[in-house]
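Undergrad: Got a sequence here, can you model it:
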Amino acid sequence: MRDFEYYTPTRVIFGKDTHFQVGTILKEQGCRKVLIHYGGNSAVRSGLLKQVETSLREAGVDYVTLGGVVPNPRLSKVREGIALCRRENVDFLLAVGGGSVIDSAKAIGYGVANPWTDVWNFYLKTETPTACLPIGVILTIAATGSEMSNSTVITNEEGWLKRGSVKCDLCRPKFAILNPRLTYTLPQYQTESGCVDILMHTMERYFVNSETMEITDSISESLMQTVIYNARILMKEPGNYNARAEVMWAGSLSHNGLTGCGTGGGDWACHQLEHELGGMFDVAHGAGLAALWGSWARYVYQENPERFAQFAANVFEIPCGIDFEKTALAGIKAMEEFFRSIKMPTNLRELGLELTDEQIHELAFKCSFEDTRTIGTFRQLNMKDMEKIYLMAR
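TA: Numbers count the residues shown, from 1 in each chain. This next block holds a predicted model:
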């Protein structure tokens, strides 16, 4: 068992119609002027943005708005937000949306609070932020867990590089309002892609090639079973409140550090591999993870087949004897079958990508930071390994 620190300062307000409290909550936070940051027109069409603005006015909180965040959020929008916040003397950020909006808000918070450098340097990891504007969240998509995490991912259009910032508790949201009803209008593809993302945040921490804590393993395995069970329900009943609620809370728990206690932090190779897909081809994050995971798993499982066998037995209830390798492969197959059952891809072709050898090489080249780094801990992967996994997934 490894030593660990666990810190989760975000206040969670969970339940039906909780978003109507946002004005009062911001007032309690001492907010004078807030930037409402959101994505596309769905927040406008649904009436959510108007409800948020009404709540702020009633609480006497001044605000400005900035929409237009897209999946795989762009650095150009972040810079637009930084300029707006400086011009309007904004002292708080409110992200109304999913992970892309929250990540964009975190980046804006870093940029405003650290005027001595360009915000992209935090994603290049050549600089470390020393402050961040406070952030609140009204969550509309259960997926990334960014509402309770200490990380943020941004895509730079110059070179289409998708990079995560240095992990830093400064960007953890002060509060997160989680109303499962706000996810009702999501397309099925986004809902199920989000379920995969939640699973992967737990699996990245679960698949480590070292001793772990039994209690952390049990929490992770139960969380995975819960998401799998409710993802299947949502395929047939998208308006099922209980299933939406289970998935939404699982999303927060999967990425607030809980499932990494005593695991040493996790592997994260699949996320690094998918970031290049998202950067180059703008695919949905969860779907990209589903398309890569099986190939990664088959490439690395022999490093510790017993760990994969435990996953198969405890998550999918596959009988486990002394042949750990057989059980491990059965567990990998079961996860891929689950992905297919919720209409998620299990390879790049099903993701809609027909990649050339040159594109495969470019993905590996970028993921390895031009052949200067390795990724993963279950098995360390160099650029050639990355290329082989992309090829297997093709």
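Undergrad: need the contact list for residue 15.
TA: By CB atoms under 8 Å, 6 or more residues apart in numbering, the contact list for residue 15 reads 178, 179. C-beta: built from backbone N, CA, C; applies to glycine.
Undergrad: Please report the distance of it from residue 52.
TA: 17 Å (CB to CB, to the nearest Å).
Undergrad: again, but for residue 372
TA: Following CB to CB, the distance that separates residue 372 from residue 52 is 44 Å.
Undergrad: what do you get for residue 37?
TA: On the measure of CB to CB, residue 37 and residue 52 end up 11 Å apart.
Undergrad: which neighbours do these two share?
TA: 94, 96.
Undergrad: Give me the distance between residue 290 and residue 203.
TA: Computed with CB to CB, the distance linking residue 290 and residue 203 is 11 Å.
Undergrad: Between the two, which is the more surrounded one?
TA: Neighbours per residue (other CB atoms under 10 Å) separate residue 290 from residue 203, with residue 290 holding more: 32 against 23.
Undergrad: which SSE is the more buried one in?
TA: Using DSSP states H and E, residue 290 sits in helix 285-300.
Undergrad: what do you get for residue 37?
TA: According to DSSP H and E, residue 37 maps onto strand 33-38.
Undergrad: That strand - contacts with which helices or strands?
TA: Applying 3 or more CB pairs under 8 Å, 6 or more residues apart in numbering; DSSP states H and E, one finds that strand 33-38 contacts helix 48-59, strand 62-66, helix 75-88, strand 92-97, helix 99-113.
Undergrad: sorry, back to before: so for residue 37 and residue 52, which residue has more residues nearby?
TA: A count of neighbours by other CB under 10 Å puts residue 37 above the other of residue 37 and residue 52, at 31 against 25.
Undergrad: May I have the residues that are in contact with that one?
TA: Contact analysis of residue 37 by CB under 8 Å, 6+ apart lists 65-67, 69, 81, 93-97, 101, 104-105, 108.
Undergrad: Buried ones from the residues you listed, can you make that a PyMOL selection?
TA: Buried subset of the contacts of residue 37, written as a PyMOL selection, criterion 16 or more other CB atoms under 10 Å:
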select buried, resi 65+66+67+69+81+93+94+95+96+97+101+104+105+108
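Undergrad: want to throw the contacts of residue 37 into JSON lines with distance to residue 377 and pLDDT?
TA: Formatted as JSON lines, the contacts of residue 37 follow (distance: CB to CB, whole Å; pLDDT from 0 to 100):
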{"residue": "65", "distance to residue 377": "42", "pLDDT": "97"}
{"residue": "66", "distance to residue 377": "38", "pLDDT": "97"}
{"residue": "67", "distance to residue 377": "39", "pLDDT": "97"}
{"residue": "69", "distance to residue 377": "32", "pLDDT": "96"}
{"residue": "81", "distance to residue 377": "34", "pLDDT": "98"}
{"residue": "93", "distance to residue 377": "33", "pLDDT": "98"}
{"residue": "94", "distance to residue 377": "36", "pLDDT": "98"}
{"residue": "95", "distance to residue 377": "31", "pLDDT": "98"}
{"residue": "96", "distance to residue 377": "35", "pLDDT": "98"}
{"residue": "97", "distance to residue 377": "32", "pLDDT": "96"}
{"residue": "101", "distance to residue 377": "30", "pLDDT": "97"}
{"residue": "104", "distance to residue 377": "29", "pLDDT": "98"}
{"residue": "105", "distance to residue 377": "30", "pLDDT": "98"}
{"residue": "108", "distance to residue 377": "32", "pLDDT": "98"}
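Undergrad: which one of the contacts of residue 37 sits closest to residue 273?
TA: residue 104 (22.7 Å; CB to CB).
Undergrad: Now the closest one: closest residue in space, sequence neighbours ignored.
TA: What sits nearest to residue 104 in space, not counting adjacent residues and going by CB to CB, 6 or more residues apart in numbering, is residue 73, at 4.1 Å.
Undergrad: same thing with residue 68?
TA: Once its chain neighbours are removed from consideration, residue 68 has its nearest residue in residue 77; the separation is 6.1 Å (CB to CB, 6+ apart).
Undergrad: On the pLDDT front, check the residue nearest to residue 64 when sequence neighbours are not counted for me.
TA: Distance criterion CB to CB, 6+ apart; nearest residue to residue 64, sequence neighbours excluded, is residue 88 at 5.0 Å. Among the per-residue scores, residue 88 shows a pLDDT of 98.
Undergrad: again, but for residue 211
TA: Residue-level confidence at residue 211 comes out at 89, pLDDT.
Undergrad: Same check on residue 165?
TA: pLDDT, the model's per-residue confidence, is 87 for residue 165.
Undergrad: what's the neighbour count on the nearest residue to it once chain neighbours are set aside?
TA: When the adjacent residues along the chain are set aside, residue 165 lies closest to residue 122, with 4.6 Å between them (CB to CB, 6+ apart). Other residues near residue 122 number 26, with proximity taken as other CB under 10 Å.
Undergrad: now residue 121: how far from residue 90?
TA: From residue 121 across to residue 90, the span is 22 Å (CB to CB).
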